[in-house]
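[1] Just need the structure, nothing else, for what follows:
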Amino acid sequence: MKDLIVLVADVQQEKTVQTLLDKRCRSLGIRSVSYDIFRHQTRDPGVYRGAAALLASFTQQYSRAMVLLDVAWDGSPDDAMAIEEAIQKDLDARGWRDRSVVIALDPELEAWVWSDSPHVHQELGLSWTQIREMGQRSEHWPASESKPTRPKELLEDILRATKKRRSSALFIHLAERVGLGACRDRAFMRMRNALREWFPPQRS
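    Presented below is the predicted three-dimensional model:
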């Protein structure tokens, strides 16, 4: 039996989680984990409606299950806790009670990009001042907010301005380099806390 099965909605989520589990176990505060990641063919709506049915056949092959999806998608309930509770209820009924967690990324994975780590602006190719100015002009990052209210749209604006291609490599590089201890994003903390509870570091 492997430690963990992860169901994600897109390739960026897949590569981010893969990088964290492969290269950042110590930073996460967990031991090395044996895992597999599955990407749903119909992305966030497919995960929302079909996660429990898909994972039901794996209850004897994995000790724990994790489900990730964005909050922002067409037809979404648009409420992170409601999304998590709905999927968790189905998981519990399909053999995953007390050994699974659902992570709703609010509004999407791009929210994790906006750490105050210097690696973020270095990877994006603009200074923090330029990023904040661009965010305020577009209203994707109001001056009163500590993080962008529309993180995906701001990231896309920056990539266009710097002529960088949106790719999984960006998320891989950030997951490899950005410090994890200071991240206060609710979804990230929920994921990290579940992993720490399930897979604490081995005592030497």
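
[2] make it CA atoms for all contacts and neighbour counts henceforth
    Noted.

[3] how about the spatially most central residue of the chain, what does it touch?
    The structure's the chain has its C-alpha centroid closest to residue 109; by C-alpha atoms, centre = their mean the separation is 5.0 Å. By C-alpha atoms under 8 Å, 6 or more residues apart in numbering, the contact set of residue 109 is 12-13, 70.

[4] So which of these wins on neighbours?
    The most neighbours of any of the contacts of residue 109, using other C-alpha atoms under 10 Å, belong to residue 70, which has 26 neighbours.

[5] Please verify my assumption that that residue contacts residue 111.
    No: distance between residue 70 and residue 111: 10.1 Å, which falls outside the contact criterion (C-alpha atoms under 8 Å).

[6] State whether residue 63 and residue 99 are indeed in contact, as I suppose.
    Yes: with contact defined as C-alpha under 8 Å, residue 63 and residue 99 form a contacting pair (7.1 Å).

[7] Phi, psi for the residue nearest to the centre of the chain please.
    Summarising the backbone geometry of residue 109 under the convention degrees, to the nearest 10, its torsions are phi -60, psi -30.

[8] which strands and helices sit next to the helix or strand of the chain with the lowest mean pLDDT?
    Per-element confidence for the chain was summarised using mean pLDDT, DSSP states H and E. The lowest value among helices and strands belongs to helix 118-124, with a mean of 81. When contacts are defined as 3 or more C-alpha pairs under 8 Å, 6 or more residues apart in numbering; DSSP states H and E, helix 118-124 sits against helix 168-177.

[9] Could I get the CA-only coordinates of the helix it packs on as PDB?
    Listed in PDB are the C-alpha atoms of helix 168-177, where the atom choice follows Å, rounded to 0.1, in the frame of the first residue of the first chain:
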ATOM      1  CA  SER A 168       4.100  24.300 -15.700                       C
ATOM      2  CA  ALA A 169       7.800  25.200 -15.400                       C
ATOM      3  CA  LEU A 170       6.900  28.400 -13.700                       C
ATOM      4  CA  PHE A 171       5.000  26.600 -10.900                       C
ATOM      5  CA  ILE A 172       7.800  24.000 -10.600                       C
ATOM      6  CA  HIS A 173      10.500  26.700 -10.200                       C
ATOM      7  CA  LEU A 174       8.400  28.600  -7.600                       C
ATOM      8  CA  ALA A 175       7.600  25.400  -5.700                       C
ATOM      9  CA  GLU A 176      11.300  24.500  -5.700                       C
ATOM     10  CA  ARG A 177      12.600  27.800  -4.400                       C
END
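
[10] Fine, thanks again, bye for now.
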